[in-house]
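> I'd like to go over a predicted model; first the sequence, then the structure.
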Amino acid sequence: MRRILFISGSIGLGHINRDIEIAKALRDLNPELEISWLAQDPASRVLLEAREKLLPEASLLAHENEELENSAHGYNANLTKTIMNIRKEWTNNAQLIGNIVKKEQFDLVVGDETYDLLIERVSNKKFQRFPFVIIYDFIGVDSVRWNPIEMIATWVINRMWVRALKSNPPIADQSIFIGEVEDIDNREFGFLLPNRREIASKNVAFVGYVLPFNPKEYQNKLAVRKQIGYGKEPLIVCSIGGTSVGKELLDLCAKALPIIKKEISNVRMVLVCGPRLSTNSISPIPGLEIMGYVPELFKHFAAADLCIVAGGGTTTLELISLQKPFLYFPLSSHFEQIVDVANRCQRYHAGEKMDFAKTTPDLLAKTVLANIGKKTSYITIQTSGAKKAAELISKILKNPKK
């Protein structure tokens, strides 16, 4: 029997659902496979609900979600600053993982955006070596402010990323990108650093996207509504993802509801706070429905006439696959949402990008009225990534590099 340690890293809930899909595909290819998991809250909750084996050491991981939430101000979440602040804790993460692998004798470690392990393997030649697969969904960081310290930090992080990708021997036995080569900007990492797309094309395997559902099964909106308890009234679903950052967007949606109701009296608006924002933090308004964590949120997206969301990569990808009209608000200073996610939405001709700082309740209501129930014709996305990723991981599992 072969044993894998699967580490679902990064912030929010976007990664854990795709990781579970990859794990399912791995088990299809390797029936005797045993998978153990490390993940922080709230991804750890999803693993427990799925009856996966979560190691007790998961509670000792650095709390990246809390770091992002604590450093956020208003609708501003600086991901580069979060990386800078949590860098020392990542070293502890890497040492913890190394000790677990040594103790449990895992045959392979699969890390979804486990930058703690990546950096340690690049910077510490004495760090324990073991078969390792890393999963990405973006390559390179960006400074979105004219802040000298942040710009220098961005360059340093990108230089280390280049070293990881070009390392000989490779830092990882296999590097996998969830998405397409076009998801990576065709530009340099920074001053005197190589082109992002070119270096990724040579060193990373692109497998396409991973979704926890088949979009074709959710094209009948009325059938989905009946399944989860909605009626036939116009429905707007608003979501900020797996962290508490973005509460202000839900507040804005709530303020726009009375204005929308003047034109669509029977409209139904649902605010989804997610796992880390209390529903009590939203001021109640007549006709407004407030939910906490919603499993299989994609079903509610499928049932909606319009979705209003933050700029999360997984959320927008699900909406594109479901051919749903949506408004998305990238978090200020969050380079991935501002650059990578926005570029992908533009490439697929999907959604309407909004600027939170410039959006009043009146403007939001006006934009909602112009988009609710709008027919879409997004480019179809390829969602066979779980199977392709599992095939690549299985090859390493059966023939680990020495």
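Perfect, I can see it now. Numbering: from 1, shown residues only.
> what is the neighbour count of residue 195?
Using other Cβ atoms under 10 Å, residue 195 has 14 other residues around it. Using the backbone N, CA and C atoms, a C-beta is placed for each residue, glycine as well.
> an error on my part: the question was meant for residue 161.
24.
> do you know how far it is from residue 10?
Residue 161 sits at a distance of 15 Å from residue 10 (criterion: Cβ to Cβ, to the nearest Å).
> so what's the nearest residue to residue 264 once chain neighbours are set aside up against?
Spatial nearest neighbour of residue 264, chain neighbours left out: residue 234 (5.4 Å); criterion: Cβ to Cβ, 6 or more residues apart in numbering. Residues near residue 234 by Cβ atoms under 8 Å, 6 or more residues apart in numbering: 264, 266-268, 305, 372-373.
> residue 344 now?
Per Cβ under 8 Å, 6+ apart, neighbours of residue 344: 179, 183, 313, 316-317.
> and stretch 50-58, what's buried?
Along stretch 50-58, these residues count as buried under the neighbour rule (16 or more other Cβ atoms under 10 Å): 52, 54-55, 58.
> can you list contacts of it?
Taking Cβ under 8 Å, 6+ apart as the rule, stretch 50-58 contacts 5, 20, 23, 34-40, 44, 47-48, 96, 100.
> so which of those residues wins on neighbours?
residue 38 (27 neighbours).
> correct me, but it touches residue 5?
Yes. Residue 38 is in contact with residue 5 according to Cβ atoms under 8 Å; the separation is 6.8 Å.
> just name whatever secondary elements the longest helix that the chain contains is in contact with.
Longest helix of the chain, by residue count under DSSP state H: helix 79-104. Here helix 79-104 touches strand 3-8, strand 34-39, helix 64-71, helix 115-123, helix 148-166, going by 3 or more Cβ pairs under 8 Å, 6 or more residues apart in numbering; DSSP states H and E.
> again, only this time at 7 Å
Helices and strands touching helix 79-104, by 3 or more Cβ pairs under 7 Å, 6 or more residues apart in numbering; DSSP states H and E, are strand 3-8, helix 64-71, helix 115-123, helix 148-166.
> tell me the most buried of the ones you listed?
strand 3-8 (a mean of 24; mean count of other Cβ atoms under 10 Å).
> can you list the buried residues in the helix or strand that it is followed by?
Downstream of strand 3-8, the first helix or strand assigned by DSSP states H and E is helix 14-29. Of all the residues in helix 14-29, those buried under the rule 16+ other Cβ under 10 Å are 14-23, 25-26.
> and the residues you listed as a markdown table, adding distance to residue 329?
Below are those laid out as a markdown table (distance: Cβ to Cβ, whole Å):
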| residue | distance to residue 329 |
| --- | --- |
| 14 | 16 |
| 15 | 21 |
| 16 | 23 |
| 17 | 22 |
| 18 | 23 |
| 19 | 26 |
| 20 | 27 |
| 21 | 27 |
| 22 | 29 |
| 23 | 32 |
| 25 | 33 |
| 26 | 35 |
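> residue 273: which of those residues is nearest?
Closest approach to residue 273 among the buried residues of helix 14-29 (Cβ to Cβ): residue 14, at 16.4 Å.
> leaving out sequence neighbours, find the closest residue to that closest one.
In space, residue 14 is closest to residue 314, 3.3 Å off (Cβ to Cβ, 6+ apart).
> which SS class is that neighbour?
helix (DSSP: H, G, I helix; E, B strand; the rest coil).
> for it, give its distance to residue 273.
Going from residue 314 to residue 273 by Cβ to Cβ gives 17 Å.
> same deal with residue 164?
In terms of Cβ to Cβ, residue 164 sits 36 Å off from residue 273.
> can you tell me which residues contact residue 38?
For residue 38, the contacting residues are 5, 7, 55, 57-58, 61, by Cβ atoms under 7 Å, 6 or more residues apart in numbering.
> list of residues touching stretch 20-35?
Residues contacting stretch 20-35 (Cβ under 7 Å, 6+ apart): 1-4, 6, 50, 53, 210, 212, 386-387, 389-391, 393-394, 397.
> same thing but 6 Å
1-4, 6, 50, 210, 212, 386-387, 389-390, 394 (Cβ atoms under 6 Å, 6 or more residues apart in numbering).
> tabulate these in JSON lines, adding columns for distance to residue 350 and pLDDT.
JSON lines is the format used below for the contacts of stretch 20-35 (distance: Cβ to Cβ, whole Å; pLDDT from 0 to 100):
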{"residue": "1", "distance to residue 350": "43", "pLDDT": "87"}
{"residue": "2", "distance to residue 350": "39", "pLDDT": "93"}
{"residue": "3", "distance to residue 350": "40", "pLDDT": "97"}
{"residue": "4", "distance to residue 350": "34", "pLDDT": "98"}
{"residue": "6", "distance to residue 350": "30", "pLDDT": "98"}
{"residue": "50", "distance to residue 350": "29", "pLDDT": "95"}
{"residue": "210", "distance to residue 350": "18", "pLDDT": "97"}
{"residue": "212", "distance to residue 350": "19", "pLDDT": "95"}
{"residue": "386", "distance to residue 350": "22", "pLDDT": "97"}
{"residue": "387", "distance to residue 350": "24", "pLDDT": "97"}
{"residue": "389", "distance to residue 350": "23", "pLDDT": "98"}
{"residue": "390", "distance to residue 350": "27", "pLDDT": "98"}
{"residue": "394", "distance to residue 350": "33", "pLDDT": "97"}
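> and the furthest pair within those?
Pairwise distances across those (Cβ to Cβ) peak at 26.4 Å, for the pair 1 and 212.
> neighbour-wise, which of the two wins?
residue 212 (15 against 8).
> nearest residue to the more buried one other than its sequence neighbours?
residue 17 (4.4 Å).
> wait, the one you found touches residue 210, no?
No. Residue 17 is not in contact with residue 210 according to Cβ atoms under 6 Å; the separation is 8.1 Å.
> of the helices and strands packed on helix 79-104, which shows the lowest average pLDDT?
Ranked by mean pLDDT, the helices and strands packed on helix 79-104 bottom out at helix 64-71, which scores a mean of 82.
> buried sites along the strand or helix carrying residue 327?
Here residue 327, judged by DSSP H and E, is contained in strand 326-329. Buried residues in strand 326-329, counted by 16+ other Cβ under 10 Å: 326-329.
> tell me the strands beside that strand, with direction?
If you go by DSSP bridges, strand 326-329 pairs up with strand 306-310 (parallel), strand 352-353 (parallel).
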